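> compute the structure for the input listed below.
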Amino acid sequence: MRQLLSLVLACAALSATAQDVQPISQRFAADPSPHVFKGRFHVYATDDASNSGKYWDSTSWRLYTSPDLKTWTDAGVPLDVSVFKWARPDAKAWAPEAAFRHDRYFFYAPVGGDKIGVAVSNRPDGGFVDARSDALVDKARDANAGDEPIDPAVFIDKDGQAYLYFGTRVPKVVKLKADMKTLDGPILDLQIAGLSKEAKRTYGEAPFLHERGGVYYFTYSTGWPGQIRYATGSSPLGPFTDRGVVLDYLKISTNHQAIVEHEGKTWLFFHDNLLPGGGSQRRSIAVAPLTYQADGSIRQVPHTPR
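As a prediction, the model looks like this:
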């Protein structure tokens, strides 16, 4: 009886935790890129509120900030596609990324579904200008850029080497030079052992890398719709081995995550249908604690889709 009561209480606690996830804003936004800059959380996002409601066709990005992950400020538009003069003015502004290095803020922008641009600023909330005169990654120019060079994610290792991850269907990785705006070598395919189409374990999109205790954790979405799964390896270049689920299927057509660590805690950012009138084209960003087992494996985040 005591064991049964404990199980009931545990299930109740899990259910309560799963239902406590709230959107960080009442404005539709998706594809979170979270960072801690000067002690404040900054989340760059795809601006679903400005799309047609029928497709992901917004042309600007959005920024949200918080001192504590509880109170959030809508910081408006940090930049839009017009920053990149080589891009069409109606080009789609999809899942963004940011990085801080050399006292400057770098913004990695998938533009139009076939290019990734990079902009730079002296502050995180605006003032961005094109860091180049052309795209950082261009499907028409660069070998092995893949079907869609989108969903950029930047990881800077302890030795200072920066890596850019991106791509749909086949995950890509390429080293960045110290200037953070130049590719350093060829674009490579990332290898993930343990994937299986029969078991619906495939790579779809949303690559992201973080490191903990010398282990490199590669998280990704399995497709449309997809789970968020993770794989581990001993190098930022892989190979990686699939380990399991971080976040299960949602009731929308995409699943996109990013992870940030701050003051000894780890947080998973993702998007879901959380606001009235929401859906696959009108998503909302949420954040939940990410925890690990004693062996370093990631515990699945208990989230109940609405």
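> verify the stated contact: N122 with R104.
Yes: with contact defined as Cβ atoms under 8 Å, N122 and R104 form a contacting pair (6.2 Å). To be clear about C-beta, it is placed using only N, CA and C from the backbone, and glycine gets the same treatment.
> neighbour count for these two, which is higher?
A direct count of neighbours by other Cβ atoms under 10 Å for N122 and R104 places R104 higher, at 15 against 10.
> any idea how far the spatially closest residue to that one that is not a sequence neighbour is from D31?
With sequence-adjacent residues excluded and distances taken as Cβ to Cβ, 6 or more residues apart in numbering, R104 is closest to V120, at 5.4 Å. Applying Cβ to Cβ, to the nearest Å, the value for V120 to D31 is 21 Å.
> contacts for stretch 218-225, please.
For stretch 218-225, contacts defined as Cβ atoms under 8 Å, 6 or more residues apart in numbering pick out 171, 190, 192, 200-210, 227-233, 238, 240, 246, 249-257, 259.
> out of these, which sit inside strands?
Among the contacts of stretch 218-225, the ones falling in strands (DSSP state E) are 192, 205-210, 228-233, 240, 246, 257, 259.
> and V120 and D31? Which one has more around it.
Shown here are V120 and D31; by other Cβ under 10 Å, D31 has more neighbours (30 against 19).
> surely that one meets A45?
Yes: with contact defined as Cβ under 8 Å, D31 counts as touching A45 (6.0 Å).
> can you work out which residues contact both of those two?
P96.
> give me the pLDDT for A12.
Predicted confidence (pLDDT) for A12: 37.
> the one 5 residues further on now?
pLDDT, the model's per-residue confidence, is 45 for T17.
> how many residues are close by R306?
The tally of other residues near R306 (other Cβ under 10 Å) stands at 14.
> that one reaches N273, doesn't it?
Yes: counting by Cβ under 8 Å, R306 does reach N273; the two are 6.0 Å apart.
> now for these two: what residues contact both?
Shared contacts of R306 and N273, defined by Cβ under 8 Å, 6+ apart, are found at K251.
> ok, L176 - contacts?
L176 makes contact with 154, 162-164, 182-184, according to Cβ under 8 Å, 6+ apart.
> ok, and the most crowded of the residues you listed?
Neighbour counts for the contacts of L176, by other Cβ under 10 Å, peak at L164, which reaches 26 neighbours.
> in a strand, it, correct?
Yes: under DSSP: H, G, I helix; E, B strand; the rest coil, L164 falls within a strand.
> so which residues make contact with stretch 70-82?
24-25, 27, 42, 44, 47, 59-66, 87-89, 91, 93, 107, 109, 111-112, 119, 124-126, 128.
> buried among those? Make that a ChimeraX selection.
If you want just the buried ones from those in ChimeraX, going by 16 or more other Cβ atoms under 10 Å, the selection is:
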select :24,25,27,42,44,47,59,60,61,62,63,64,65,66,87,91,93,107,109,111,112,119,124,125,128
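> inside helices: which ones of the contacts of stretch 70-82?
Nothing among the contacts of stretch 70-82 maps onto helices, per DSSP state H.
> now, the contacts of stretch 70-82 that are in strands?
Cross-referencing the contacts of stretch 70-82 against strands under DSSP E gives 42, 44, 61-66, 107, 109, 111, 119.
> good, wrapping up.
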